[in-house]
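Undergrad: missing the sequence, but the structure's below:
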Ligand SMILES: Nc1ncnc2c1ncn2[C@@H]1O[C@H](COP(=O)(O)OP(=O)(O)OP(=O)(O)O)[C@@H](O)[C@H]1O
């Protein structure tokens, strides 16, 4: 069942058409990866999907209801967004920053209740941020700030979570942890990702944007092809099934007319 959908979205900024005729749908409980090169329109699409912007044309629906008729608070009770540039919670502790996630569920100025504390504790625990709860936000590393932002969104207890490159500041261990966590959650997840291998491994379905349009959408096996990677990213790559994970694994061979990485001569047995 479709939870969050974009239908025929068009959006322009500065007189330039950024998104054009975009259809995407996230089904209940799945992880939908949004891929595409720099400037393809991923962030713009996610902000429209989260109701932070109104499209020029087309509609976004949340549980079948047009987003633009829903009050902000009603949206925030059901949908959380983790944006790429973390908001600066300069004077807050980690715990206070995560508590902001409870705002849509509380009356103004009401003290935190047991259910709020339980949601905050759970979110800190899931993101590995419990040991940092009394730390000041401004003393955190980029990765710790990113995990705190995720904890804030989880404390919101939404049905849908929209994330803009949630792993870009994380070391590989936390990248794997966060993506595994997103899979485990009983939530619908829409996430922009740059790493094609991680996207193939952790997403149920992918939508690839190119120049503000959907270039391909569907199962990772069907979407991540050599032709797609060449056409959309301008990179030659081979896509194989990993013998370790059974998922598509991408090896980049090179980008024409750009500096090439090192390629180690393969031993004769390979
Ligand atoms: N407010 C704006 N005014 C003018 N141009 C904008 C605005 N917002 C986005 N753009 C342009 O729209 C295009 C898509 O931007 P967007 O941030 O959605 O891409 P993206 O796929 O998220 O890119 P990246 O991978 O680099 O984060 C870019 O060319 C960007 O410069």
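TA: Structure received. Computed from a predicted structure; not experimentally measured.
Undergrad: May I ask you to confirm that residue 146 belongs to a strand?
TA: No - per DSSP: H, G, I helix; E, B strand; the rest coil, residue 146 lies outside any strand segment and is helix.
Undergrad: Please determine how far it is located from residue 105.
TA: To residue 105, residue 146 is 23 Å away according to C-beta to C-beta, to the nearest Å. Placement of C-beta: from N, CA and C, glycine included.
Undergrad: Which one's more surrounded, those two?
TA: residue 146 (24 against 17; other C-beta atoms under 10 Å).
Undergrad: I figured that one hits residue 163, correct?
TA: No - with contacts defined as C-beta atoms under 8 Å, residue 146 does not count as touching residue 163, sitting 9.9 Å away.
Undergrad: Find the residue closest to the spatially most central residue of the chain in space, skipping its chain neighbours.
TA: Centrality entry for the chain: nearest residue to the mean C-alpha point is residue 191, 2.1 Å, by C-alpha atoms, centre = their mean. Leaving aside its sequence neighbours, residue 191 sits nearest to residue 163 (C-beta to C-beta, 6 or more residues apart in numbering; 4.2 Å).
Undergrad: so where does that neighbour fall, helix or strand?
TA: strand 160-164 (DSSP states H and E).
Undergrad: Just checking: what are the partner strands of that strand?
TA: Within its sheet, and counting by DSSP bridges, strand 160-164 is paired with strand 79-82 (parallel), strand 188-192 (parallel).
Undergrad: To the ligand, which of those strands lies closest?
TA: The ligand lies closest, by C-beta to the nearest ligand atom, to one member of the strands paired with strand 160-164: strand 188-192, at 6.4 Å.
Undergrad: How far does that closest one sit from its chain's centre?
TA: With C-alpha atoms, centre = their mean, to the nearest Å as the basis, strand 188-192 stands 5 Å off its chain's centre.
Undergrad: Kindly report the same for stretch 64-76.
TA: Between the centre of stretch 64-76 and the centre of its chain there are 20 Å (C-alpha atoms, centre = their mean).
Undergrad: How about stretch 7-27?
TA: Put simply, stretch 7-27 sits 17 Å off its chain's centre (C-alpha atoms, centre = their mean).
Undergrad: Endpoints of that stretch, how far apart?
TA: One end of stretch 7-27 to the other measures 14 Å (C-alpha to C-alpha, to the nearest Å).
Undergrad: Quick check: mean pLDDT of it?
TA: In this model, stretch 7-27 has a mean pLDDT of 96.
Undergrad: Can you confirm whether it lies near the ligand?
TA: Yes - residues of stretch 7-27 contacting the ligand under C-beta under 6 Å from any ligand atom: 13, 14, 16, 18.
Undergrad: So which of those residues wins on neighbours?
TA: When neighbours are taken as other C-beta under 10 Å, the top entry among the residues of stretch 7-27 next to the ligand is residue 18 (20 neighbours).
Undergrad: wait, it sits on residue 40?
TA: No - with contacts counted by C-beta under 8 Å, residue 18 stays clear of residue 40, the gap being 9.5 Å.
Undergrad: on that earlier part again, would you list the strands paired with strand 160-164 in TSV and tack on mean pLDDT and distance to residue 68?
TA: Shown next, in TSV, are the strands paired with strand 160-164 (pLDDT from 0 to 100; distance: least, C-beta to C-beta, whole Å):
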stretch	mean pLDDT	distance to residue 68
strand 79-82	96	14
strand 188-192	97	18
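Undergrad: where in the chain is pLDDT low?
TA: By pLDDT under 70, the low-scoring segments of the chain are 86, 256-270.
Undergrad: Spell out which residues belonging to it are near the ligand, please.
TA: Residues of the chain lying near the ligand (C-beta under 6 Å from any ligand atom): 13, 14, 16, 18, 36, 38, 39, 40, 41, 42, 43, 44.
Undergrad: How about the contacts made by residue 95?
TA: 120, 124, 133, 134 (C-beta atoms under 8 Å, 6 or more residues apart in numbering).
Undergrad: Just flag the most distant two among these.
TA: 120 and 134 (12.9 Å; C-beta to C-beta).
Undergrad: okay, these two: which has more neighbours?
TA: residue 120 (24 against 9).
Undergrad: residue contacts, that one?
TA: 95, 98, 99, 101, 102, 112, 155.
Undergrad: Done for today, thanks.
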